[in-house]
Structures are given as structure tokens and as C-alpha cells.
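Visitor: Have a look; sequence and predicted model below, questions after that.
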Amino acid sequence: MTTWYFSENNSLTTKAPSGKSDEDRYTINFEATTGAKNRWHTQVGGEVVYLDRAEEDKKLLTYTSAPLEADVEITGPPIVSLFITSTHTDGAFFVYLEDVDENGKVTYLTEGELRALHRRVSKEPSPLPVPYHTFLKKDAMPLVPGQVAELKFGLHPISALVKKGHRLRVAIAGHDKDTFIRIPAEGAPEIAVQRNVRGLSLIELPVIKR
């Protein structure tokens with residue numbers, strides 16, 4: 001597993017942050033979408049199409065690496081750890097892993113979702129190599145507005161080659177309007193993603209050495 005940290009100036013780096021209170025604020029954009037031909041619509045037939053996400057990413061909170069110095073093969077399920085505060089007691093968190101080429105074209109690789117209410121990681125053995133959430137009512141954990149909470153969850157497994165000179169990007173959303181219901185149903189939540197020594201927001205990538 002290779003660890004990439006969310007860092008200043010919306011960067012993604014392998015160097016852990018040293019600040020004590022650095023964070024990035026983001027007001028949830030409920031117009032964000034992955035379109036009506038995404039992976040979630042496959043059960044109703046039709047092709048799956050993810051277009052260039054460069055424009056869509058402008059609606060999201062993103063962290064982008066420097067150009068890669070060598071090809072990187074990602075095989076397996078990435079795991080994200082988000083340390084956040086919110087102005088609301090619940091919210092949906094969407095994390096996308098993307099490939100940005102030399103011309104700025106953004107290609108969707110995979111994603112993971114977690115409703116903040118279900119963020120408790122179970123102590124029971126996980127059926128998958130990612131943090132296990134039961135989604136049971138007894139395990140529900142509403143957010144406390146202004147209080148830091150950790151959301152740790154897996155993204156869907158992939159096997160993808162990100163070429164030398166391309167950049168890795170993590171994009172964070174709070175909604176996918178063409179696919180999921182809005183959480184919360186009303187209001188304009190603002191979140192703050194922590195990127196400091198007490199809140200190490202990061203993504204772990206399962207990298208195969210080539």
C-alpha cells in the first residue's frame with residue numbers, strides 16, 4: 001500500500017503534513033454528478049460512459065499529485081481516510097480516484113461512498129480487505145457539528161495503469177444528483193477536510209511494482 005496525503009494548495013503527496021490545524025473548506029455542491037450512464041445504472045441496461053471529468057471536478061474538492069515519474073499500476077481496493085468537520089449531523093461522502101493526463105483530461109478510475117451516519121468501523125471480521133461498516137441502526141453515529149470525525153472506507157477494487165507523466169487525483173463530493181438521494185435533504189452543508197498532524201486525511205493505493 002502506498003500512502004498519499006491531502007496537502008496544501010489542493011495537492012496530493014507522499015509526504016505527511018506537519019501543520020497543526022490546516023484544513024480545506026468546501027460547501028457541498030448538490031449539482032455534482034457522474035451522469036446517467038455511470039456504473040450504478042448498469043442494472044437497467046445500456047452502456048457505461050464516464051466522460052472527461054475536468055469540468056465536473058470544478059464543482060468538487062480535489063487533491064492532485066505532481067506528474068508521476070514512472071508508470072503506476074493500481075490493483076486492488078484503495079482505502080480512504082477522511083478527517084472532517086461538518087455544519088450538519090449527517091452527509092454523504094463520495095470519493096473518486098482519477099487519472100489526469102498531460103493535457104488535463106480527467107479519467108474516472110473508481111469511487112467509494114459512505115454516509116457519515118454509518119462511519120463506525122466494526123470490530124467484526126471484514127468480508128473484504130477494506131474497513132467494515134455494518135450499516136445497522138445500533139451502530140449509527142450522527143456527526144456533531146464542528147467536531148472532527150474520521151470516515152474510513154474502501155473504494156471499489158480496480159486494476160489500472162496510470163502512465164508516467166500523468167497525475168493522480170482524489171475528488172471529494174457530497175452528492176451525485178443523477179443517482180442518489182440528497183443527504184441531508186435540506187440546507188447547504190459546509191465541510192472542512194483536515195490535513196494536519198491530528199487529522200491525516202489520505203488515500204492508500206494498492207500498488208503493484210512493475
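Guide: Perfect, I can see it now.
Visitor: Any regions of the chain where pLDDT drops low?
Guide: Screening the chain residue by residue with the criterion pLDDT under 70, one finds no matching range.
Visitor: Can you pull up the most central residue in it?
Guide: The chain has residue 95 as the residue nearest its centroid, 1.9 Å off, counting by CA atoms, centre = their mean.
Visitor: List the beta-bridge partners for that one.
Guide: Residue 95 forms beta bridges with residue 112, residue 172, as assigned by DSSP bridges.
Visitor: now swap in residue 83 and tell me
Guide: Here residue 83, judged by DSSP bridges, has bridge partners residue 150.
Visitor: do you know how far it is from residue 16?
Guide: As defined by CB to CB, to the nearest Å, residue 83 lies at a distance of 13 Å from residue 16. The way it works is simple: take the backbone N, C-alpha and C, and place the C-beta from them, glycine included.
Visitor: Can you pull the residues that touch both of the two?
Guide: Shared contacts of residue 83 and residue 16 (CB atoms under 8 Å, 6 or more residues apart in numbering): residue 200.
Visitor: ok so, going back, which residues sit in contact with the residue nearest to the centre of the chain?
Guide: For residue 95, counting by CB under 8 Å, 6+ apart, the contacting residues are 80, 82, 111-113, 153, 155, 170-173, 203.
Visitor: State the number of residues packed around residue 150.
Guide: Counted by other CB atoms under 10 Å, the residues lying close to residue 150 total 14.
Visitor: whoops, I mixed them up, residue 27
Guide: Neighbours of residue 27 (other CB under 10 Å): 12.
Visitor: excluding its backbone neighbours, what's nearest it?
Guide: Leaving aside its sequence neighbours, residue 27 sits nearest to residue 190 (CB to CB, 6 or more residues apart in numbering; 4.8 Å).
Visitor: tally of neighbours for the one you found?
Guide: Counted with other CB under 10 Å, the burial measure for residue 190 works out to 15 neighbours.
Visitor: Now do the phi/psi pair for it.
Guide: For residue 190, the backbone dihedrals are phi -120, psi 130 (criterion: degrees, to the nearest 10).
Visitor: one step back: comparing residue 83 and residue 16, which residue is more hemmed in?
Guide: Set residue 83 next to residue 16 and count neighbours by other CB under 10 Å: residue 83 wins out with 21 against 13.
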